[in-house]
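Participant: Dropping a prediction and its sequence here:
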Amino acid sequence: MIKENSSIAIFGLGHMGLPTAALLAQSGLKVRGVDINKENVKIVNSGRSPIMEPGLDEMVKKTVENDLLSATSDAGEAVRNSQIIMVIVPTPVDENKKSDLSAVISASESISKNLKKDDLVIIESTVPPGTCENMVIPLLEKSGYKAGKDFKVAYTPERALPNNTLYEMTHNARVIGGIDLESAKMAALLYERITNGEIIMVQNLVTAEMVKLMENTYRDTNIALANELALVCDALGVDAVEAIQAANHHPRVNIHTPGPGVGGHCLSIDPYFIVETARENGVKTPLIKTSREVNEGMPGEVSKIVQLALEDVGKTIEGSKIGILGVAYKGNVADARETPAQPLIKNLMKKRAEVLVNDPYVSPEIIKSWGVEMVDLEKALSCDCVVLVTDHDIYRNIKPSMVKKGLLVCTRPVLDRETFQKGGVIFKGVGRS
Ligand code: SAJ
């Protein structure tokens, strides 16, 4: 049973770990967050959130003040004093698109050294299917305890959408797989404390691992289809956004939105976990791989659109000033991980364009590290070509007269083509040229 005085150790105080920690603390449990980033530990202990997420700062403040949430870099101490241990650490892919599970391994090893009888270990990190059974449990069993018999193990993927994390964590359905039914049931009792959403128990750990990867792969593949269709529409002079919106009126069609490519730490990575595991099991995954290729190719396609647009007005890309609006991987977030803006900027710089960047969310240090200048919106809008990359809401207020040189490449459907064309702006975009 989960008692009111149960303590939880949560490995990873990142985009998903910290909101989970704050919500569980708010539900009355004593939560100890564990993170190797000492600066973030300090920030959390001072009652603030190092992560930009609506509502999170206040929740961290309140739960720290109430002595329910605290953070530490001492994993051993946190595990020894907890009955439930959760792992919500990042799982990136390396340059060969192979999963890097080092953070999960390191957390599992720390847990193993301090595991106690009857503890419940919950893995939330996204992992290649089979990781819990084949890697995490053997590491935990180095403790001398046997999974299922002496301690419980469950896998429940995190499925909340960044920028709406707290709402989704408290409303979305939760998928839970356990090493046995008792483990899954105990994990369910925990999540019932924070979500009104349905609790869906699946047969085992690997099914739950697969569910998560399927969701993000579905979305990545769907966006790849939208992007490919948009490129065809471009060649035909069809407005892809208009066509997709019309197609989506069909009751069984839901084509996603084309754009400059797929970023973030989830959709652009998770499909590779399926590809990797499939390969190890002798199964081919051409569709998933091609979808990744299509989406990874989109920054190059945007660069071509920019080049042609400049040539149409008698300019060369070499030496032209390009104003990039937004480098976050999606609208209204500060996260630039895997953002398509970065390869686009690189590509434009390779063509010797001068790139100026505006983004009110992403830290100037990140932008500077890409070797480009950070400018205010007005300066970005004064460039030879303005390229809207991220759908930040503030960019919806841009008026035709603000695009000083009259050339706009809008890679997201946030600005109205007709309004800009009527205002004398040459309007191009992904699937809108
Ligand atoms: N994008 C498009 N076209 C679209 C939708 C998105 O180009 O129609 C782009 C976005 O601009 C962004 C990328 O895809 O660059 C990913 O954005 P997203 O909003 O689709 O997803 P994430 O990465 O922020 O969050 C996803 C979510 N997964 C699903 O919706 C299936 C979220 O629920 C997961 O919790 C999260 O991944 C995760 O942690 O795995």
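Facilitator: The structure has been received and is ready for your questions. Residues are numbered from 1 along each chain as shown.

Participant: Can you pull out the low-pLDDT segments for the chain?
Facilitator: Within the chain, the stretches with pLDDT under 70 are 1-5, 433.

Participant: So which bits of it are right by the ligand?
Facilitator: By the rule Cβ under 6 Å from any ligand atom, the part of the chain lying against the ligand is 126, 158-162, 215-216, 219, 223, 256-257, 259, 262-264, 266-267, 329-330. Glycine gets a C-beta too; all of them are placed from N, C-alpha and C.

Participant: those strands in this structure, which residues are they?
Facilitator: For the chain, strands defined by DSSP state E occupy the ranges 7-11, 30-34, 69-72, 84-87, 120-123, 152-155, 174-178, 199-201, 321-325, 354-358, 373-374, 385-388, 407-410, 426-429.

Participant: Next, format those strands as CSV and append mean neighbour count and distance to A103.
Facilitator: Converted to CSV, the strands of the chain look like this (neighbours: other Cβ atoms under 10 Å; distance: least, Cβ to Cβ, whole Å):
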stretch, mean neighbour count, distance to A103
strand 7-11, 26, 8
strand 30-34, 25, 11
strand 69-72, 23, 16
strand 84-87, 27, 8
strand 120-123, 26, 12
strand 152-155, 27, 16
strand 174-178, 24, 21
strand 199-201, 16, 26
strand 321-325, 26, 31
strand 354-358, 22, 30
strand 373-374, 16, 30
strand 385-388, 27, 34
strand 407-410, 26, 38
strand 426-429, 22, 38
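
Participant: Distance to K42 added to those, as TSV?
Facilitator: Below are those laid out as TSV (distance: least, Cβ to Cβ, whole Å):
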stretch	distance to K42
strand 7-11	17
strand 30-34	12
strand 69-72	8
strand 84-87	21
strand 120-123	26
strand 152-155	31
strand 174-178	31
strand 199-201	35
strand 321-325	33
strand 354-358	30
strand 373-374	27
strand 385-388	37
strand 407-410	41
strand 426-429	44
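
Participant: so what are the domain limits for the protein?
Facilitator: Domain segmentation of the chain under automatic domain parsing yields 7-206, 237-265+297-429.

Participant: now for the last one, what's the gap between its first and last residues?
Facilitator: Spelled out, that is domain 237-265+297-429. 12 Å (Cα to Cα, to the nearest Å).

Participant: Which other helices and strands does the longest helix seen in the chain contact?
Facilitator: Secondary structure assigned by DSSP state H gives helix 205-236 as the longest helix of the chain. Applying 3 or more Cβ pairs under 8 Å, 6 or more residues apart in numbering; DSSP states H and E, one finds that helix 205-236 makes contact with strand 152-155, strand 174-178, helix 240-247, helix 270-280, helix 286-312.

Participant: so that helix versus helix 286-312, what angle?
Facilitator: 30 degrees (axes from the mean of the first three to the mean of the last three Cα atoms, to 10 degrees).

Participant: I'd guessed I105 sits against P138; true?
Facilitator: No - contact between I105 and P138 fails when scored by Cβ atoms under 8 Å: they sit 10.7 Å apart.

Participant: Counting neighbours, go ahead and name the busier of the two.
Facilitator: I105 (15 against 12; other Cβ atoms under 10 Å).

Participant: if we can go back for a sec, just the angle between the longest helix of the chain and helix 270-280, please?
Facilitator: Using the same axes, to 10 degrees, helix 205-236 lies at 120 degrees relative to helix 270-280.

Participant: Now do the residue nearest to N164 when sequence neighbours are not counted: how many residues are near it, please.
Facilitator: Nearest residue to N164, sequence neighbours excluded (Cβ to Cβ, 6 or more residues apart in numbering): P54, at 7.5 Å. Residues lying near P54 (other Cβ under 10 Å) number 12.

Participant: residues contacting P54?
Facilitator: Going by Cβ atoms under 8 Å, 6 or more residues apart in numbering, P54 touches 163-166.

Participant: Could you tell me which of those residues belong to helices?
Facilitator: Counting by DSSP H, the contacts of P54 contribute 165-166 to helices.

Participant: What subset of the contacts of P54 is buried?
Facilitator: 163, 165-166 (16 or more other Cβ atoms under 10 Å).

Participant: closest to L69 among those?
Facilitator: Of all those, L69 sits closest to L166, with 14.2 Å by Cβ to Cβ.

Participant: Which residue does the stretch 301-433 of the chain have closest to the ligand?
Facilitator: Taking Cβ to the nearest ligand atom, the ligand has its nearest neighbour within the stretch 301-433 of the chain at K330, 3.8 Å off.

Participant: so what's the backbone phi/psi at the nearest residue to L166 once chain neighbours are set aside?
Facilitator: Nearest non-adjacent residue to L166, counting by Cβ to Cβ, 6+ apart: G55, 4.8 Å away. For G55, the backbone dihedrals (degrees, to the nearest 10) come out as phi 90, psi -10.

Participant: shouldn't G55 be in contact with E168?
Facilitator: No - G55 lies out of contact with E168 (Cβ under 8 Å); the separation is 11.7 Å.

Participant: more crowded one of the two?
Facilitator: E168 (17 against 14).

Participant: tell me the contacts of the more buried one?
Facilitator: Applying Cβ under 8 Å, 6+ apart, the residues near E168 are 159-161.

Participant: same deal with E276?
Facilitator: Counting by Cβ under 8 Å, 6+ apart, E276 touches 97-99, 128.

Participant: Check the spacing between it and the ligand real quick.
Facilitator: Going from E276 to the ligand by Cβ to the nearest ligand atom, to the nearest Å gives 17 Å.

Participant: Skip the chain neighbours and tell me the closest residue to E354.
Facilitator: K321 (4.8 Å).

Participant: That neighbour reaches L348, doesn't it?
Facilitator: No - applying Cβ under 8 Å, one finds K321 not in contact with L348, separated by 10.5 Å.

Participant: Tell me which residue of the protein is furthest from the middle?
Facilitator: Distance from the centre of the chain peaks at G314, with 39.3 Å (Cα atoms, centre = their mean).
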